[in-house]
Every structure is written in structure tokens, then in C-alpha cells.
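The amino acid sequence is not available; the structure is as follows:
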């Protein structure tokens, strides 16, 4: 019988620990013409996919413990729940018509459903074709993952888009693109607390993020080609011009820089949050809406749906360092361990 010497065992143990210590985690990409792609962040390569058993996934999120991945499926009016320990589909949960943006928070999934949305953006300088129609309020469906079902709805404005939570956890902040408002709701019961019109600053509020220190919010205005800064009482502080069609937005972990994806300008813009002066425009591709930092904050992964790729960006050099092919129209991306990004946040 072969005897394994203690020094050999110790060496194997150290190698194993080093390998685990160097594991950068994984990123998950929702694809509108497919399921979910898995990107290994150690190699920055697509290593597999997940069958979500639904069509047209858009919003995507992951639970705090990394056990479940959730997608919002536009064509099937439901969520897919995926067990990440096996990468296997678990169940569907019905949430309402046209689900899009989701956030996972405190064991619950908050998902915007848009009964009035046609899915098409208006043309700048032209009136909406449906301007005389009644704007149907959207709903934010609230799903309890432990119960496996929708437990209530929050009434938003027409075509609810982004969802964020206040730093103290007492409020939900929602962007409503069709009526140019940001609404603030009680976290526990969904009651409307405040409505902020963005009309004089710009149309179609989309992304919304709270600063890591909780002292202010930033919301992108897609048709205003700008973002606004609101204090923690939701008073307007500043409007900052951006490239054309800003959407996804995120701070870095320390809140020192703000990143804005401008889809028609084809850039990821970087701002210094001390004065909101622009640091750099990073050239990207077509319809790059959502992005996520890697868990170690060294890279950003940006989903570019009309360029058939996910871009990898070095956060120090602020340069694209890799193109990961993806021909299934990537929409959103999140990482685990949980990271900062346009679809997630680190509390």
C-alpha cells in the first residue's frame, strides 16, 4: 500500500486553498434569443449555458447566498428560478404581462411588469402614436422565494423601468419612463410616498442607483441624454449631460466613480462623483444596456445585444480588453459573488 507523506498532503492542501482563493466567480448573462450564458471569470470565457425553459429572458438577478438565479421572461409572463448548485431549472412563477427589470432583495424578487408597453422606444422629437390612449399603470410584482409565489403588487407609473432601494431599506424607488416620473414607495406595503417629475430635466427615466453612502441617487434620462442627481430626500441637485440614450448606471464599490452605458453613443461613460466631471468615454458596441463589475472589481462585463458580444473592460485602464462572442442578443449580466452593476448592488 502506498503511503502518502504528510508533506505531500500539506502541499496538495495548500494548492487547493490557493486555487480556491484565486477563484473570481462567475457571471450570468440573460439572452433574449436563448437562455442564460455562464462566463467563468477566471478565464473570461463562456463555459456553458442554462436552459430556463422560457422565451425572451431580460431581467436577471441572483440571491444573496448564490443559491438561486432568477430571470424575467417577457414572452411567457413569468420568472424562471434556477438552482445554481446544479444549474438546473426549478420552477416558473407567474408575475404579470411583459416582465422586464428585476431586483432580488431580502429573499424577495421585485419585477416590473408593463401591460401598456409596446416594447418600442419613441422617436426623439416626435409625439407618441398612443398619446391619446389611457396610460395603464405598471406593477412591480413582489415574489417571495421561500413561498415560491407572488405575494403582492406595487402600483407604479406607466411603463415602470428601474428599481432601487434606499440605504435604510425603508423605501423602493422606481423609474416610470412613459410618464417621466420617479416614484418612491414604502418598502413594506408599497404605498406611494412621493412622485418626482423629470420632465423639465429630460424624458424617459430608466436607470436608478443609490450612492454607496446613501446620500444621493442618480437616474439616467434616456431621451434627455443626461442623468439627474437627487439628494436622499429626492430633491433635484444637478443635471449632467451624457451621450445619446443613457440607460444602465452603476457606481463603483467605493462610490468614487459613476459608470453610464449610453447605447446610441456606443460608449461606457465614466464620471468622477466629487464633481460629476467626465473622466473618460470607453468605446463599446451596439445596444449595450447593462453591465456588472466582477466580484474583485477588476473588470466590468458589458452586454451588447446588437454587437453579439459581452465586452470585458479593465477598471483601472478603462479600456476594453476582451470581446466574448454571444449571438443570442445578450440583455443583462450579473455576477456571483454579488457585485456592483446596473442590475445589482452590494449593500
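Noted; the coordinates are in hand. Just so you know, these numbers come straight off a predicted model, no measurement behind them.

CA only for contacts and neighbour counts going forward, please
Noted.

Can you measure across stretch 40-54, start residue to end residue?
Length of stretch 40-54, first residue to last, Cα to Cα, to the nearest Å: 24 Å.

and that stretch, what's its mean pLDDT?
Rounded to a whole number, the mean pLDDT of stretch 40-54 is 98.

buried ones in that stretch?
Residues 40, 41, 44, 46, 49, 50, 52, 53, 54 are the ones in stretch 40-54 that count as buried (16 or more other Cα atoms under 10 Å).

ditto for stretch 146-163
Neighbour counts over stretch 146-163 (16+ other Cα under 10 Å) mark 149-150, 153-163 as buried.

Next step: those restricted to strands.
Among those, the ones falling in strands (DSSP state E) are 149, 150, 153, 154, 155, 160, 161, 162, 163.

re earlier: need the buried residues of stretch 146-163 in TSV (columns: pLDDT).
Compiled in TSV, the buried residues of stretch 146-163 are given as follows (pLDDT from 0 to 100):
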residue	pLDDT
149	97
150	97
153	95
154	95
155	93
156	87
157	86
158	87
159	89
160	90
161	90
162	95
163	97
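
ok, of those residues, which one's closest to residue 210?
residue 163 (10.3 Å; Cα to Cα).

Would you mind naming the residues that bridge with the closest one?
residue 174 (DSSP bridges).

Would you mind measuring from it to residue 307?
26 Å.

picking up where we left off before, quick check, nearest of the ones in strands among the buried residues of stretch 146-163 to residue 291?
Nearest to residue 291 among those: residue 162, at 14.0 Å, using Cα to Cα.

What ranges in the stretch 1-150 of the chain fall below the confidence cut-off?
In the predicted model of the stretch 1-150 of the chain, residues 1-21, 116-135 satisfy pLDDT under 70.

Now with 80, please.
1-21, 115-136 (pLDDT under 80).

in it, which spans are helices?
6-21 (DSSP state H, counting those that start in this stretch).

Please, where are all the strands along it?
Shown for the stretch 1-150 of the chain, the strands assigned by DSSP state E, counting those that start in this stretch span residues 26-31, 36-40, 45-50, 57-62, 68-73, 78-83, 88-94, 99-105, 108-113, 139-144, 149-155.

closest to residue 268 out of those?
Closest to residue 268 of the strands of the stretch 1-150 of the chain is strand 26-31 (Cα to Cα; 18.1 Å).

Given the closest one, what are its sheet partners and their directions?
strand 36-40 (antiparallel), strand 330-336 (antiparallel).

Just put the ones you listed in CSV and tack on distance to residue 260.
Listed next are those as CSV, based on distance: least, Cα to Cα, whole Å:
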stretch, distance to residue 260
strand 36-40, 22
strand 330-336, 14
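
Deepest-packed of the ones you listed, please.
strand 330-336 (a mean of 29; mean count of other Cα atoms under 10 Å).

Run the angle between that one and strand 57-62 for me.
If you take axes from the mean of the first three to the mean of the last three Cα atoms, to 10 degrees, strand 330-336 sits at 10 degrees to strand 57-62.

Start the count at 3 instead of 1 going forward.
Noted, 3 is the first residue going forward, which turns the last one into strand 332-338.

pLDDT (mean, whole number) over strand 332-338?
Here the average pLDDT along strand 332-338 is 98.

Right, I'll leave it there.
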